[in-house]
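>>> Give me coordinates for this.
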Amino acid sequence: MRAAIFEKQGFENLKIKDDVQNPEVSDYDVLIKVISAGLNPIDYYVISGYRTIQQQKEKEIQLKQKAPPTSELPTNPLPHIPGAEFAGVVEKIGSHVRTVKKGDRATIYNRVFDNTCDMCIRGNEMLCRTGGIISVVNNGGFSEYVSIPERNVFKIPDNIDWNISVSLPVSGLTAFHALKEAQLKINDSLLLFGASGNTGMIAVQLAKRMASRVIAVSTKKWIKEEYGADYLITDYNRVIDKVKEITNAKMADIVINSLGKDTWKDSFSSIGINGRWISFGTMTGSNVELNIQELYSKQIKLIGSNGGNREDFRELIEFVSYSNTIGDPFKIKVWKRFNLENIEQAFKALIDKTREGRVLLDINKE
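Next up, the predicted model:
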């Protein structure tokens with residue numbers, strides 16, 4: 001089969017090969033013919049070996065830099081196929097598979113879990129003590145076919161298109177679980193950094209359907225005009241002042257910062273009394289300074305959110321399908337699409353500062 005694959009981390013080692021061995025399908029596995037895959041920062045980390053997006057030269061987007069001597073995100077197995085977020089059609093099922101059949105449209109819960117540890121037994125598969133992320137601890141979806149355990153495969157209703165389907169495993173589930181962990185309530189004010197990113201545009205739509213007030217920090221006007229954010233802050237130098245103005249000095253009930261250290265100070269200073277600050281990403285770095293006095297005096301809750309469990313994923317799929325059914329459809333802005341052969345150009349588009357929406361790979365034609 002055809003796949004994007006590398007034998008050693010570093011973009012200079014990523015190749016497209018036509019003779020990669022087809023994955024095996026055991027009694028409890030499902031073979032998926034991948035229709036579409038989404039590019040995600042996880043994929044950048046897996047290929048590059050870095051846990052942050054490396055700074056690029058002005059007016060020049062460079063990918064082919066050497067991986068760190070000791071990878072910050074080791075992968076298994078080698079050679080390795082990346083691709084954390086994908087959807088497709090069931091091509092073949094193992095003899096004991098009961099929940100899907102050949103021809104079903106499907107997406108994947110992208111966590112590897114043993115289903116026996118204390119975390120799994122409590123329903124926290126994403127925190128499995130021996131688990132990991134599909135495409136990190138095993139092969140991913142930048143290939144024509146992927147073999148996945150049945151417990152990771154979820155049918156997609158016909159009213160959810162491929163652009164949304166491919167955005168549910170990482171972008172959608174990450175946003176959904178984060179809002180649940182933050183205990184978003186009706187009329188809460190939600191301040192969202194990275195609002196026009198993969199998770200951001202879904203978080204905006206979810207929060208609006210949960211009846212909160214969304215304050216988006218972004219230079220992209222479409223996140224307000226097309227995706228429903230109530231307020232848009234485009235001046236990164238005046239975030240705190242604008243939040244104060246919008247909330248009548250109460251500040252935000254919930255702040256989502258998935259960008260990391262570069263937006264840490266503004267995001268933390270924008271939290272109101274008894275507010276919740278939540279993160280699930282470190283694109284710009286992870287080490288920050290914390291004002292402990294402000295933390296306890298305002299009774300702020302700092303929350304880390306790591307994906308979501310399978311029940312979250314089921315709820316998310318039903319939520320999106322129902323919203324589509326009642327005429328309030330979820331949307332994904334797709335900036336550019338590429339064939340698998342043009343994966344290098346696709347990753348350049350992913351880290352392009354002018355990016356306006358998702359970057360997707362078309363793997364097979366439906």
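
>>> can you give me the strands in the stretch 51-200 of the chain?
85-93, 105-108, 111-112, 132-133, 145-149, 153-155, 189-193 (DSSP state E, counting those that start in this stretch).

>>> On the three-state scheme, the nearest residue to Met201 once chain neighbours are set aside is what?
Nearest non-adjacent residue to Met201, counting by Cβ to Cβ, 6 or more residues apart in numbering: Tyr227, 5.6 Å away. To be clear about C-beta, it is placed using only N, CA and C from the backbone, and glycine gets the same treatment. Classification of Tyr227 by DSSP: H, G, I helix; E, B strand; the rest coil places it in coil.

>>> Which positions within stretch 257-265 qualify as buried?
257-261, 263-264 (16 or more other Cβ atoms under 10 Å).

>>> so the residue nearest to Met201 sits right up against Ile202, yeah?
No. Tyr227 lies out of contact with Ile202 (Cβ atoms under 8 Å); the separation is 9.2 Å.

>>> Those two: who's more crowded?
Just comparing Tyr227 and Ile202: by other Cβ atoms under 10 Å the higher neighbour count belongs to Ile202, 26 against 23.

>>> Please report how far the nearest residue to the more buried one once chain neighbours are set aside lies from Pro69.
In space, and not counting its chain neighbours, Ile202 is closest to Ala175: 4.5 Å by Cβ to Cβ, 6+ apart. Counting by Cβ to Cβ, to the nearest Å, the separation of Ala175 from Pro69 is 35 Å.

>>> Give me the more crowded residue out of those two.
Ala175 (29 against 6).

>>> Point out the most buried one among the strands of the stretch 51-200 of the chain.
strand 189-193 (a mean of 28; mean count of other Cβ atoms under 10 Å).

>>> got the contact list for it?
By Cβ atoms under 8 Å, 6 or more residues apart in numbering, the residues outside strand 189-193 that reach it are 184, 200, 203-204, 207, 212-217, 229, 243, 246-247, 250, 252-259, 263, 266-267, 270, 272.

>>> now these: which count as buried?
Of these, these count as buried by 16+ other Cβ under 10 Å: 184, 200, 203-204, 207, 212-217, 229, 243, 246-247, 252-259, 263, 266-267, 270, 272.

>>> mind listing which of the residues you listed are in helices?
200, 203-204, 207, 243, 246, 266-267 (DSSP state H).

>>> hang on, the earlier thing: want to try TSV for the buried residues of stretch 257-265, with distance to Asn138 and pLDDT as columns?
Listed next are the buried residues of stretch 257-265 as TSV, based on distance: Cβ to Cβ, whole Å; pLDDT from 0 to 100:
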residue	distance to Asn138	pLDDT
Asn257	30	96
Ser258	25	89
Leu259	28	91
Gly260	26	90
Lys261	30	92
Thr263	32	95
Trp264	33	96
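
>>> Need the pLDDT of the residue nearest to Met201.
Note on Tyr227: pLDDT of 96.

>>> Give me the distance between it and Lys180.
Distance of Tyr227 to Lys180, given as Cβ to Cβ: 20 Å.

>>> any idea where the helices of the chain begin and end?
Along the chain, the segments classed as helices by DSSP H run 41-48, 118-121, 162-165, 173-181, 198-209, 222-225, 239-246, 264-269, 292-297, 310-325, 343-350.

>>> Look up the closest residue to Leu63, ignoring the ones flanking it.
Nearest to Leu63 is Phe11, by Cβ to Cβ, 6+ apart, at 4.0 Å.

>>> Would you mind pulling the contact partners of the helix-or-strand element of the chain with minimal mean pLDDT?
Each helix and strand of the chain was given a mean pLDDT (mean pLDDT, DSSP states H and E); the minimum falls on helix 41-48 at a mean of 93. With contacts defined as Cβ under 8 Å, 6+ apart, helix 41-48 is touched by 6, 9-11, 14, 50-54, 63, 65, 67, 72-73, 75, 80, 82-85, 133, 135-136, 140, 142, 170, 198, 281, 283, 347, 350-351.

>>> residues in contact with the spatially most central residue of the chain?
Nearest to the geometric centre of the chain sits Ser171, at 2.9 Å (Cα atoms, centre = their mean). If a contact means Cβ under 8 Å, 6+ apart, then Ser171 has 38, 40, 85, 198-199, 202, 358 as its contacts.

>>> Neighbour-wise, which one of those residues leads?
That'd be Glu85 among those, by other Cβ under 10 Å, with 31 neighbours.

>>> ok, now which ones touch that residue?
By Cβ under 8 Å, 6+ apart, the neighbours of Glu85 are 37-38, 40, 42, 110, 141, 166-167, 169-171.

>>> Give me the residue ranges of this structure where confidence is low.
Applying pLDDT under 70 to the chain flags residues 54-62, 64-65.

>>> Verify the contact between the residue nearest to Leu63 and Tyr50 for me.
No. Phe11 is not in contact with Tyr50 according to Cβ under 8 Å; the separation is 10.5 Å.
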